[in-house]
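Asker: predicted model, plus sequence, below.
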There are 2 protein chains.
Amino acid sequence: MRDDPTAKTMNEEGGGVMAFPADAPLRLESGGQIDGLEIAYKTYGRLNPEGSNAVLVCHALTGDQYVASNHPLTGRRGWGEHLVGAGRPIDPQNYFIICSNVIGGCMGSTGPSSINPASGAPWGLTFPVITLADMVRGQAMLVAALGIERLFAVVGGSMGGMQVLQWAADYPGRLFAAVCIAAAPRHSAQNIAFHEVGRQAIMADPDWRGGAYGAGAARPEKGLAVARMAAHITYLSEAALQRKFGRELQRDGLSWGFDADFQVESYLRHQGASFVDRFDANSYLYITRALDYFDLAAAHGGVLAEAFRAARDVRFCVFSFTSDWLYPTVESRAIVRALNAVGARASFVEIDSDKGHDAFLLDEPVFHDALGGFLTAAAAARDIA
Amino acid sequence: MRDDPTAKTMNEEGGGVMAFPADAPLRLESGGQIDGLEIAYKTYGRLNPEGSNAVLVCHALTGDQYVASNHPLTGRRGWGEHLVGAGRPIDPQNYFIICSNVIGGCMGSTGPSSINPASGAPWGLTFPVITLADMVRGQAMLVAALGIERLFAVVGGSMGGMQVLQWAADYPGRLFAAVCIAAAPRHSAQNIAFHEVGRQAIMADPDWRGGAYGAGAARPEKGLAVARMAAHITYLSEAALQRKFGRELQRDGLSWGFDADFQVESYLRHQGASFVDRFDANSYLYITRALDYFDLAAAHGGVLAEAFRAARDVRFCVFSFTSDWLYPTVESRAIVRALNAVGARASFVEIDSDKGHDAFLLDEPVFHDALGGFLTAAAAARDIA
């Protein structure tokens, strides 16, 4: 497609909300189901006549479908602007790109802030606890509804990378390539601990009201902001924080009080305050819970390789970043070892960066070159180049 | 003293509250002062006739004077039971050991929960912002009031280690040896960031009431518990959390809800819940602020070595732990480099441990042997062995 001059105009956006009929519920790992499932999604580019160039991009904990579009609430550029777009590794001139809001989310897909059709009120904490496998099952329903039998690639970072692994485990025949970035095959004790701090901060906020804050009422913004602040520290490396802020002050001299004296305090407060404008506290609870429940090996007899046994024909590329302490390189190596153990085709690239976990969202040319190279080679093998 | 049979009985406890007269205020770095200063302290062992065997032990952020005594609120053993006691590196049979609650604390020394003599009400947020230098100035007043001209040693870990450095900078002629454990010469951006999360969690709690929760009213327990939980993660290494808890569950199977499913969640909740029984939220604000303001080099023209120029005759021993990511070894090395730069006598010991920052409080025989060896050699040099 790259050499087709008509393709140069194929980068239009599409998307909307896919509403599934009541007789096609989303079956959940917990045993329950979601009736009347809705999945909000965006698309970029066009599906080729062979239907072979579709790329599903999976978002992280607080991401959404606006991977390469301005965010409707914040007006900010898409979270994946360095990954998806003209001239980027995932270019809508080459691929039909799909990005959907995860179930449990708050940007249009069914989640705890959706209306429970049975009660006419927001689900709140009556929403069922979901897992990454459930998120992926919903994505698979969306992809099928879009008429795509087999994805060219599934790509994601952080929680998105875990969804990529889940796709390979659950739908190996429905993807050609898989790119797992800055992720892990299971949540560690420290990962769970940080999430639990965030959940406790939300649930400590009296405006949370057991999850029943609903429309019009005060929302647990202070608790959610504290949760975001704690999590945000884990997204940056110590070196990045020191380089960006060090001990630089907001003003000349100390305040001798509890205002934000240091720039890093002001930055964190801003991260917390702006997050509550675009995110729902109950969604934060549900999605962190899904992450904490994630343990791909446990679902396969405790042997991670078994999760990938049927995915031997998928072309994998695994990325990690040297300064990522949330999902450090050792976790990516465990994924690669498991892939190797079943003879899957796995490339592994560790990117030298001091930016911490957030590097997967930032301008990292070496990472982007490697990702683009992997996809281009895979596209050639898939005859879509 | 070690070979004096009479000394075997000299391990009695003492202490109380030292109340300074109104005409001996504590002058503060902010420019203000505290009138009617009170410092709560404990002692162990006896001062020798030469007055040369006094060891001041400085406590960490949430510590107190009960270094080697059961805590009056929790009934638990002293926080320094591995460091101080019969057969321990700091043995009351050899030394006269002093440990005082820092100013700003909540175990008897003047702090935000004390009564402001001017108003008759608790200080709350009208208490002046204090620094580690102010804490040390208070300790120096206490030590002088106890009749000790020159300490044999000042010993402390974490914030206690920073106080040791402050002692060396401000009172070099009043100490013979200095032991700085698991500390840093200044708070990093990441250190400040974690503290700011804790402060915001406290201040988000409506029961905090701008710091004026006072006696009888509800206390901001939920916010303080969240602050403790976030901080507690930084005290442990990722490896220690994984070894202690991994992904072990509380019960058979997942709850599919927001109860504590994982043991690490339950552990963290317990850490938060038990902390509020023994600690004051405003003290947490003031002491974390003092830590964040700590930057020993900044007070000496930006050159850390200058802080130690007058302390060349003090015998230093600096300890770090390999898995401590709160105050990592690189920070201790910076201290040692600065000491070397002025020709001070500095030993440096990095202890191999996977227990994280908390290792300084735990059973670490190699650490304790090295600490005991350093003190014994220094005691011989001081003619108190």
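Answerer: That came in fine, so what should we check first? Residues are numbered from 1 along each chain as shown, chains lettered A, B, ... in the order given.
Asker: show me what from the stretch 251-385 of chain A comes close to chain B.
Answerer: A:254, A:256-258, A:260-262, A:264-265, A:268-269, A:272, A:285, A:289, A:292-293, A:295, A:298, A:325 (C-beta under 8 Å from any C-beta of the partner chain). C-beta here means a position set from N, CA and C on the backbone, and glycine is covered the same way.
Asker: again with the stretch 1-150 of chain A
Answerer: A:30, A:125, A:128, A:129.
Asker: let's see that with 6 Å instead.
Answerer: Contact residues, the stretch 1-150 of chain A versus chain B (C-beta under 6 Å from any C-beta of the partner chain): A:30, A:129.
Asker: show the buried residues in the residues of the stretch 251-385 of chain A next to chain B.
Answerer: A:254, A:256, A:258, A:260-262, A:264-265, A:268-269, A:272, A:285, A:289, A:292-293, A:295, A:325 (16 or more other C-beta atoms under 10 Å in any protein chain shown).
Asker: hmm, back to that, so which of the residues of the stretch 251-385 of chain A next to chain B sit within helices?
Answerer: Those of these mapping onto helices are A:264, A:265, A:268, A:269, A:272, A:285, A:289, A:292, A:293, per DSSP state H.
Asker: please parse chain A into its domains.
Answerer: Chain A is divided into the following domains under automatic domain parsing: A:5-188+A:295-381, A:191-288.
Asker: who wins for proximity to residue B:360 among those domains?
Answerer: Ranking the domains of chain A by proximity to residue B:360 (C-beta to C-beta) places domain A:191-288 first, at 19.5 Å.
Asker: the closest one spans what distance, first to last residue?
Answerer: In terms of C-alpha to C-alpha, to the nearest Å, the two terminal residues of domain A:191-288 are separated by 10 Å.
Asker: repeat for stretch A:237-252
Answerer: 27 Å.
Asker: ok, which of the domains of chain A comes nearest residue B:278?
Answerer: Per C-beta to C-beta, nearest to residue B:278 of those: domain A:191-288, 18.9 Å.
Asker: where do the strands sit along the stretch 201-350 of chain A?
Answerer: Applying DSSP state E, counting those that start in this stretch to the stretch 201-350 of chain A gives strands spanning A:315-321, A:345-351.
Asker: list the strands paired with the first one, with their directions.
Answerer: Strand A:315-321 sits in its sheet next to strand A:175-181 (parallel), strand A:345-351 (parallel), going by DSSP bridges.
Asker: can you tell me what sits against that strand?
Answerer: A:177-182, A:329, A:332, A:335-336, A:339, A:344-351, A:353, A:359, A:374, A:378 (C-beta atoms under 6 Å, 6 or more residues apart in numbering or on different chains).
Asker: give the buried residues for it.
Answerer: Buried, per 16+ other C-beta under 10 Å, within strand A:315-321: A:315, A:316, A:317, A:318, A:319, A:320, A:321.
Asker: what residue ranges in the stretch 251-385 of chain A score low on pLDDT?
Answerer: Low-confidence segments of the stretch 251-385 of chain A (pLDDT under 70): A:385.
Asker: ok, which of the domains of chain A comes nearest residue B:72?
Answerer: domain A:191-288 (27.7 Å).
Asker: among the domains of chain A, which is nearest residue B:160?
Answerer: domain A:191-288 (21.2 Å).
Asker: which residues in the stretch 101-250 of chain A form helices?
Answerer: A:132-145, A:159-170, A:189-203, A:221-235, A:238-244 (DSSP state H, counting those that start in this stretch).
Asker: closest to residue B:137 out of the ones you listed?
Answerer: helix A:238-244 (29.4 Å).
Asker: what packs against the closest one?
Answerer: helix B:189-204 (3 or more C-beta pairs under 6 Å, 6 or more residues apart in numbering or on different chains; DSSP states H and E).
Asker: show me how far stretch A:286-293 is from its chain's centre.
Answerer: With C-alpha atoms, centre = their mean, to the nearest Å as the basis, stretch A:286-293 stands 12 Å off its chain's centre.
Asker: returning to what we had before: got the strands paired with strand A:315-321 as TSV, with mean neighbour count columns?
Answerer: Listed next are these as TSV, based on neighbours: other C-beta atoms under 10 Å in any protein chain shown:
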stretch	mean neighbour count
strand A:175-181	27
strand A:345-351	18
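Asker: need those strands in TSV with distance to residue A:206, can you?
Answerer: Formatted as TSV, these follow (distance: least, C-beta to C-beta, whole Å):
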stretch	distance to residue A:206
strand A:175-181	38
strand A:345-351	43
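Asker: contacting residues for residue A:140?
Answerer: residue A:171.
Asker: what's the answer for residue A:192, then?
Answerer: Neighbours of residue A:192 in contact, by C-beta under 6 Å, 6+ apart: A:292, B:262, B:264.
Asker: and if we set it to 7 Å?
Answerer: A:292, B:262, B:264, B:265 (C-beta atoms under 7 Å, 6 or more residues apart in numbering or on different chains).
Asker: list the residues that contact the first one.
Answerer: Counting by C-beta under 7 Å, 6+ apart, residue A:292 makes contact with A:187, A:192, A:195, B:262.
Asker: please redo it, this time with the cut-off set to 6 Å
Answerer: Going by C-beta under 6 Å, 6+ apart, residue A:292 touches A:187, A:192, A:195.
Asker: how much space between it and residue B:260?
Answerer: 11 Å (C-beta to C-beta, to the nearest Å).
Asker: is residue A:97 in a helix, a strand, or coil?
Answerer: With DSSP: H, G, I helix; E, B strand; the rest coil as the basis, residue A:97 sits in strand.
Asker: pretty sure it is touching residue A:54, no?
Answerer: No - counting by C-beta atoms under 6 Å, residue A:97 sits too far from residue A:54 to count as a contact (7.8 Å).
Asker: who has more neighbours, the two?
Answerer: residue A:97 (30 against 26; other C-beta atoms under 10 Å in any protein chain shown).
Asker: please name the nearest non-neighbouring residue to the more buried one.
Answerer: Once flanking residues are discounted, residue A:97 sits nearest to residue A:44: 4.2 Å by C-beta to C-beta, 6 or more residues apart in numbering or on different chains.
Asker: residue A:101 too?
Answerer: Using C-beta to C-beta, 6+ apart, the nearest residue to residue A:101 is residue A:109, at 3.9 Å.
Asker: list the contacts of that neighbour.
Answerer: Going by C-beta under 6 Å, 6+ apart, the list of residues near residue A:109 reads A:39, A:40, A:101, A:103.
Asker: which of these ranks first by neighbour count?
Answerer: In those, the most neighbours by other C-beta under 10 Å go to residue A:103, 29 neighbours.
Asker: how near is that one to chain B?
Answerer: Distance, residue A:103 to chain B, by C-beta to the nearest C-beta, to the nearest Å: 15 Å.
Asker: returning to what we had before: and the strands of the stretch 201-350 of chain A as CSV, adding distance to residue A:76?
Answerer: Shown next, in CSV, are the strands of the stretch 201-350 of chain A (distance: least, C-beta to C-beta, whole Å):
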stretch, distance to residue A:76
strand A:315-321, 23
strand A:345-351, 24
